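Asks: Generate a structure from the sequence data that follows.
(4 chains)
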Number of protein chains: 2
Amino acid sequence: MPSYQNHKLEQFQNKVVGKLSRCEKCAVSSLCLPTGLSRSELIDLESMISASQIVDKNSQLFSIGEKFNALYIVHSGMFKTTSLDENGKERILNFHLPGEIMGLDGIYDETFQSTASALTMSSYCKISFNNFLEISEDYPVLQANLLKVMSRELYSCKKNHIDIGSKSKLALFIKTISQRFKIRGYSEDEFFLPISQRDIASYLGMAEETLSRIFKKLQKMEVVSFKKHILTILDRDLLNELAES
Amino acid sequence: MPSYQNHKLEQFQNKVVGKLSRCEKCAVSSLCLPTGLSRSELIDLESMISASQIVDKNSQLFSIGEKFNALYIVHSGMFKTTSLDENGKERILNFHLPGEIMGLDGIYDETFQSTASALTMSSYCKISFNNFLEISEDYPVLQANLLKVMSRELYSCKKNHIDIGSKSKLALFIKTISQRFKIRGYSEDEFFLPISQRDIASYLGMAEETLSRIFKKLQKMEVVSFKKHILTILDRDLLNELAES
DNA sequence: CGGCTGTTTGATGAGTGTCAACGAATGTGG
DNA sequence: CCACATTCGTTGACACTCATCAAACAGCCG
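Replies: Next comes the predicted model:
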């Protein structure tokens, strides 16, 4: 089994004593909405979160144009969100790791602006947005949390914008995603990356063939290896250097 | 005086009858936080918004690393927000038109993540964020408005990401900013663009020289004209076509 | 007038998109 | 389990775009 799927969840469950709520058991709750909530606040929050649902590869959680009514949170696995360009071609907006909230760009006009689909067998939690607004009137810290989550996402989205200037966009992409795995308690040097090169190319805005060549170059230089969707970072210093602008 | 600075503000002021609050007089309030507030909510909101302050070109409202304590809203003129890359070189994150809120990416860890500076003589309003959180506990619609504003910004930031694939990034940039002027009641075909080509190049992630050449080509093709910072769109159909992916 | 910033121009090489074709891997149904 | 179709990744040739360096020019302000 790939290391990515070695969830820390079980370890967490065994370490702590007493009856824990679902969110308290979750390995990524500190990255998610429950951050800083009191126990009673958490209980109320959970009352409107569906228990995590498992879905197969390629399942869609929501798609462009649908009425927005809930936020979706990655619990395990990986999702992508996509949009369409003028020619109807799929463009990758982002990849989503556990603890990340999908659908935030649907709030402003109550319509999903992207399509979310699972890149591998995954699980997710779902929060009705109306319920969320309702109970957050009583718990200001919950609203503040959502603001923080959105603020952080806004920041990382803008940071992406800066990255146009990077020497090797692929190196930067790998570096960034490695950090995201690390934060979630996975190895930062070897992880399961269930993304096709086509999708990476689309995300980075380059041709599939170009990405293939660059990937090969990185592997020839022994910076990384990528086999069977397992990505291993072999020379982090060099990777970091290539990721600079 | 450039057409951009022909503010609609005065017209609005003269049309409506009776005593209006500052925000009610503002031409861009419908794009801003007050959207959908009742009169009493608006009065409370305004009590913590500083009256619009005028600043000179190049003035900074906040800068990277400073403690985040307030949101800044463009009232007139134009601002840019910038960040630094690894080599300490300035990178343009965004340009901001009236009604747009700056500093949102500072919420999540209470530190400004960017620097905001005026591109021309401009004015802005300022809202203490703590005060905002406080009174928004009483007025949920106010929090919801902020969520919507952030959601919309997130959307447009992600949309930018799609734009890597455009045939002519400059054409797309011009098309987009033209729409933003239109929404604000300015002419969509001729406007004052107080941005240097260097800044546009930085924003679009290309070399200054390349941008100059592309700009010249667009002018030779009589798609646009750009003189003394007045941008005129001469052939919108062609512009739109070039802006596609 | 000189100094500054912003823009332009030319020459050159590296990098990328495109097209076309092929090989590898994966999934499907009998 | 095999034959087949399909998706995914690779490779080569070629034209084109862009970044880079260097230099000159235009506009502005003291």
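
Asks: OK, contacts around residue A:67?
Replies: A:110, A:111, A:112 (C-beta atoms under 8 Å, 6 or more residues apart in numbering or on different chains). No exception for glycine: its C-beta is placed from N, CA and C like everyone else's.

Asks: what's the closest non-adjacent residue to the second one?
Replies: Closest residue to residue A:111 apart from its sequence neighbours, by C-beta to C-beta, 6 or more residues apart in numbering or on different chains: residue A:68 at 5.5 Å.

Asks: looking at it, that neighbour is touching residue A:114, isn't it?
Replies: No: using C-beta atoms under 8 Å, residue A:68 is not in contact with residue A:114, being 10.6 Å away.

Asks: More neighbours: which of these two?
Replies: Between residue A:68 and residue A:114, counting by other C-beta atoms under 10 Å in any protein chain shown, residue A:114 is the more crowded of the two (24 against 19).

Asks: Name the nearest residue to the more buried one, ignoring sequence neighbours.
Replies: The nearest residue in space to residue A:114 (C-beta to C-beta, 6+ apart) is residue A:81, at 4.2 Å.

Asks: mind checking the SS state of that neighbour?
Replies: strand (DSSP: H, G, I helix; E, B strand; the rest coil).

Asks: Can you check the pLDDT for it?
Replies: On pLDDT, residue A:81 comes in at 97.

Asks: who are the neighbours in contact with it?
Replies: A:92, A:93, A:94, A:96, A:102, A:114, A:115, A:116.

Asks: quick one: the last one and residue A:60 touch, right?
Replies: Going back to what we said before, that points to residue A:116. Yes: judged on C-beta under 8 Å, residue A:116 makes contact with residue A:60 at a distance of 6.6 Å.

Asks: So for those two, which sits in the more crowded spot?
Replies: Neighbours around residue A:116 and residue A:60, counted as other C-beta under 10 Å, are more numerous at residue A:116. The numbers are 23 against 13.

Asks: In what element of secondary structure is the more buried one found?
Replies: Using DSSP states H and E, the element containing residue A:116 is strand A:115-118.

Asks: Could you do residue A:211 as well?
Replies: helix A:208-220.

Asks: right, is that helix up against DNA strand D?
Replies: Yes: judged by C-beta under 7 Å from any atom of the strand, helix A:208-220 and DNA strand D are in contact via A:208, A:209, A:212, A:213, A:215, A:216.

Asks: buried sites along that helix?
Replies: A:211, A:214, A:215, A:218 (16 or more other C-beta atoms under 10 Å in any protein chain shown).

Asks: Got phi/psi on the nearest residue to residue A:43 once chain neighbours are set aside?
Replies: Nearest residue to residue A:43, sequence neighbours excluded (C-beta to C-beta, 6+ apart): residue A:21, at 6.4 Å. Residue A:21 has phi and psi values of phi -80, psi 170 when expressed as degrees, to the nearest 10.

Asks: which residues does the most centrally placed residue in chain A bridge with?
Replies: Central residue of chain A (C-alpha atoms, centre = their mean): residue A:96, 1.9 Å from the mean position. Following DSSP bridges, residue A:96 is listed with bridge partners residue A:79.

Asks: My guess is it contacts residue A:79. True?
Replies: Yes: the criterion here is C-beta under 8 Å, and residue A:96 meets it with residue A:79 at 4.4 Å.

Asks: any shared contact partners between the two?
Replies: In contact with both residue A:96 and residue A:79: A:102, A:116, using C-beta under 8 Å, 6+ apart.

Asks: now the buried residues of helix A:208-220 as a markdown table including pLDDT and distance to residue A:87?
Replies: Supplementary listing: those in a markdown table, determined by pLDDT from 0 to 100; distance: C-beta to C-beta, whole Å:
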| residue | pLDDT | distance to residue A:87 |
| --- | --- | --- |
| A:211 | 98 | 20 |
| A:214 | 97 | 25 |
| A:215 | 97 | 26 |
| A:218 | 96 | 30 |
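
Asks: nearest to DNA strand C, of those?
Replies: residue A:214 (5.9 Å; C-beta to the nearest atom of the strand).

Asks: For that closest one, list the residues it contacts.
Replies: Per C-beta under 8 Å, 6+ apart, neighbours of residue A:214: A:168, A:170.

Asks: Which strands border the helix or strand in which residue A:231 is found, and is each parallel or antiparallel?
Replies: Taking DSSP H and E as the criterion, residue A:231 maps to strand A:230-233. Strand A:230-233 pairs in its sheet with strand A:190-192 (antiparallel), strand A:224-227 (antiparallel), by DSSP bridges.

Asks: The shortest one near DNA strand C anywhere?
Replies: By that I understand strand A:190-192. No: legend: contact between strand A:190-192 and DNA strand C by C-beta under 7 Å from any atom of the strand is lacking; minimum distance shown is 13.0 Å.

Asks: Next, count neighbours for the residue nearest to residue A:43.
Replies: Each residue near residue A:21 was counted by other C-beta under 10 Å, and the total is 15.
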